[in-house]
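Engineer: I would like the atomic coordinates for the input below:
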Amino acid sequence: MASFVLVVAISGLIATVVGVRLIGSGIVKQAQEKVRMDLNSAREIYNHKLIDIKNVMTLTAIRSLIKDALSQRNLELLEIKLREVREKAHLDILTITDGEGQVVFRSRNPEIHGDSQVNDELVSRALSERKVFASTQIIPQSELMKEGDELVRQAGIKLVPTPKARPRPEEEETSGMILKATAPILDDNGSVIGVLYGGNLINRNFELVDEMKDTVYQNAIYKGKSEGTATIFQGNLRISTNVMDRNSARAIGTQVSEEVHERVLDKGEPWIDRAFVVNDWYITAYEPIRDINRKVIGILYVGMLEQRFVDIKRNTILVFLCITMAGAIISLVVAYFLAADLVKPIRRLVTASHELSKGNFSYRVEPMSTSEIGELERTFNFMASSLKERDDDLKEQTQRQLIQSEKLASVGRLAAGVAHQINNPLTGVLTYSSLLLKKKPEDDPDREDLQVIVDETMRCREIVKGLLEFSRQAEPQKEAVDINDIISHSLSLTKNQALINDVKFTTELSDQLPKIVVDGTQVQEVFLNIILNAIDAMPEGGTLRAISNLADNGQFVEIRFADTGCGITPENLDKVFDPFFTTKDASKGTGLGLAVAYGVIEKHRGKIRVESKVGKGTTCIIELPVNASE
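Structural biologist: Numbering: from 1, shown residues only. This is a model prediction of the structure:
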């Protein structure tokens, strides 16, 4: 019952966590998408304001009265017309210069004139390109003073320490950010006779940000706070905002957080994510404000209070948890009724399992039902029968392996004893038969019989030599060697026999192989045995390829000897390493060569295997470890 309820509880918990995450991420994604659209709307309002100023400059610059008054230096007329335009368009600045960029008249501060504006990028472009330009611009305090003390006071903002913001050394910002447009004034001949420029100072001008807030968020309130806010930054400083501080005042002078500063101001990229704004978390969207030269000089921001979305997520979690708890309680009731039907047969299966674990493979259970439990009981009986059958087979197989191992050990001991006992008599027979053969003349009829004795004695000696190698238990004498040298030397030793059999050698030896620690003599003996077997497998001639490279991620050096001979049948392929097994004529082999090779490679902690296809050839593959355990 506990397990059943636990499964339900875990699945319910997983569903709750996954559901909450999906809903939470969906809510956040939706909120981010909304602030992205809100930012687009705010940008349109911002740009529309700039376009309005640009249109005012364009229409004013083409008026004949303005052109005539500028040409005639009629300051009285200029004062009347420009002041009328500035007040009607609600501009903070409206000034006219001559064709050299010298100020002729400032509608806000007529007393200051004659200074040059050629260093102003917008004025300079209007003079040189004879086009209307509009952009956001940073105006230093010295230029603001020319327009009057009121704008200097409006632009000056004391910095307020802000949590999570990048520290600034100064205590006050004295320059101002302005939406500004310039239009060239052309005479009848198309020559530039002056420039008209004007704009609005953004510092402490809340009309623009409040319009953004009203348009985008419609003054929505959540728990006593404005649900949406908008801000214009000069650099990282809030100069126009409807974000409120703890005293319910506009947070003028506070700064943007460090992470937003780095992304938007340093890298010039938008930021759409949650961010800490003055004293609360918001789902925010920031984008850089650039001047006419595309330099980042400020930030446009809109954001929605995150608390609303946090509350939605919390309520969702509570709903999911209540559903999970209700499901667990219902499951507990259902489990109680199911347990009685399940426990009894399960206990019988537990008892049977204990019997099986003790080795009683004859124990069986009687199926009591046709349900899944009954199927389990029948499966248990089948398993017990299979285990008993496998146990009997394993005992029989183990017994056969023990007998075979004992036989091999006995053959090894017998081979060593027999080899030592008959080696000396064989030497004597070979010596005397050879001497007799030399003494017989060429036409002696007994000479042919003596030659048979010599040949057969030589073959017996080779068999005895193979027996000695098979029974020998000497450990390899290892040293660092170049395996390619051993391969090349082995091929050179057998090249004459290869020529006789019309066999060609080709090599593909890697020059990236490290030296490995092996018994060079024993390994060469293995290679010679494989090469000679390959030559014998190609009586009509063929090609033997010797290949070396790294294998198993550089852990082993792999050597391949691939011939184009007759191949080995599948039924013989598993026997090639058995002692005394050979497919050659009795006069050509004893069947001990590959058995000895297998033992040598095994003592070197390597691997040897054979791949073959009848009629296509045989490949012998040897792997020797790069790092010797010694």
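
Engineer: could I get the full set of helices for the stretch 151-300 of the chain?
Structural biologist: For the stretch 151-300 of the chain, helices defined by DSSP state H, counting those that start in this stretch occupy the ranges 207-217, 258-260.

Engineer: out of these, the one nearest Leu513 is which?
Structural biologist: helix 258-260 (53.8 Å; Cβ to Cβ). Using the backbone N, CA and C atoms, a C-beta is placed for each residue, glycine as well.

Engineer: so what does that closest one touch, helix or strand wise?
Structural biologist: Judged by 3 or more Cβ pairs under 8 Å, 6 or more residues apart in numbering; DSSP states H and E, helix 258-260 is in contact with strand 271-277.

Engineer: could you list the buried residues of the strand it packs on?
Structural biologist: 271-273, 275-277 (16 or more other Cβ atoms under 10 Å).

Engineer: between those residues, which sits nearest Phe527?
Structural biologist: Nearest to Phe527 among the buried residues of strand 271-277, counting by Cβ to Cβ, is Asp273 at 67.4 Å.

Engineer: and that closest one, how far is that from Glu259?
Structural biologist: 9 Å (Cβ to Cβ, to the nearest Å).

Engineer: likewise Gly156?
Structural biologist: 28 Å.

Engineer: helices of the stretch 451-600 of the chain, start to end?
Structural biologist: Under DSSP H, counting those that start in this stretch, the stretch 451-600 of the chain gives helices at 483-493, 495-500, 520-536, 570-573, 593-603.

Engineer: in JSON lines: the ones you listed, plus distance to Met325, mean neighbour count and mean pLDDT.
Structural biologist: Shown next, in JSON lines, are these (distance: least, Cβ to Cβ, whole Å; neighbours: other Cβ atoms under 10 Å; pLDDT from 0 to 100):
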{"stretch": "helix 483-493", "distance to Met325": "70", "mean neighbour count": "17", "mean pLDDT": "91"}
{"stretch": "helix 495-500", "distance to Met325": "84", "mean neighbour count": "12", "mean pLDDT": "87"}
{"stretch": "helix 520-536", "distance to Met325": "72", "mean neighbour count": "21", "mean pLDDT": "88"}
{"stretch": "helix 570-573", "distance to Met325": "65", "mean neighbour count": "12", "mean pLDDT": "82"}
{"stretch": "helix 593-603", "distance to Met325": "64", "mean neighbour count": "20", "mean pLDDT": "79"}
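
Engineer: can you check which of those helices gets nearest to Leu435?
Structural biologist: Proximity to Leu435 (Cβ to Cβ) singles out helix 495-500 among the helices of the stretch 451-600 of the chain, at 28.8 Å.

Engineer: show me what the closest one is packed up against.
Structural biologist: strand 503-509, helix 520-536.

Engineer: hang on, the earlier thing: and the helices of the stretch 451-600 of the chain: which comes nearest Asn549?
Structural biologist: helix 483-493 (10.6 Å).

Engineer: what pLDDT does the residue nearest the centre of the chain get?
Structural biologist: By Cα atoms, centre = their mean, the chain has its centre lying nearest to Asn553, at 21.2 Å. The per-residue pLDDT reported for Asn553 equals 84.

Engineer: for it, phi and psi?
Structural biologist: The phi/psi pair for Asn553 (degrees, to the nearest 10) reads phi 60, psi 40.

Engineer: what's the spacing between it and Glu508?
Structural biologist: Distance from Asn553 to Glu508, by Cβ to Cβ: 20 Å.

Engineer: can you get me a residue count around the nearest residue to Gln555 once chain neighbours are set aside?
Structural biologist: Nearest residue to Gln555 in three dimensions, chain neighbours excluded: Val626, at 6.1 Å (Cβ to Cβ, 6 or more residues apart in numbering). Using other Cβ atoms under 10 Å, the number of residues around Val626 comes to 17.

Engineer: now do the contacts for Val626.
Structural biologist: Taking Cβ atoms under 8 Å, 6 or more residues apart in numbering, we find Val626 in contact with 514, 516, 550, 554-557.

Engineer: can I get these in JSON lines with neighbour count and distance to Thr569?
Structural biologist: Formatted as JSON lines, the contacts of Val626 follow (neighbours: other Cβ atoms under 10 Å; distance: Cβ to Cβ, whole Å):
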{"residue": "Pro514", "neighbour count": "12", "distance to Thr569": "38"}
{"residue": "Ile516", "neighbour count": "21", "distance to Thr569": "34"}
{"residue": "Leu550", "neighbour count": "15", "distance to Thr569": "32"}
{"residue": "Gly554", "neighbour count": "11", "distance to Thr569": "35"}
{"residue": "Gln555", "neighbour count": "11", "distance to Thr569": "33"}
{"residue": "Phe556", "neighbour count": "20", "distance to Thr569": "29"}
{"residue": "Val557", "neighbour count": "24", "distance to Thr569": "30"}
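
Engineer: columns distance to Leu544 on top of the helices of the stretch 451-600 of the chain, output as JSON lines?
Structural biologist: Shown next, in JSON lines, are these (distance: least, Cβ to Cβ, whole Å):
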{"stretch": "helix 483-493", "distance to Leu544": "8"}
{"stretch": "helix 495-500", "distance to Leu544": "7"}
{"stretch": "helix 520-536", "distance to Leu544": "5"}
{"stretch": "helix 570-573", "distance to Leu544": "19"}
{"stretch": "helix 593-603", "distance to Leu544": "16"}
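
Engineer: right, and these - which one's nearest Lys440?
Structural biologist: Closest among these, once you apply Cβ to Cβ, is helix 495-500, at 28.8 Å.

Engineer: ok, Ile178 - how many residues close by?
Structural biologist: Around Ile178 there are 26 residues (other Cβ under 10 Å).

Engineer: my bad, Lys616
Structural biologist: Summarising burial for Lys616: neighbours were counted as other Cβ under 10 Å, giving 12.

Engineer: just give the nearest non-adjacent residue to it, would you?
Structural biologist: Gly567 (5.8 Å).
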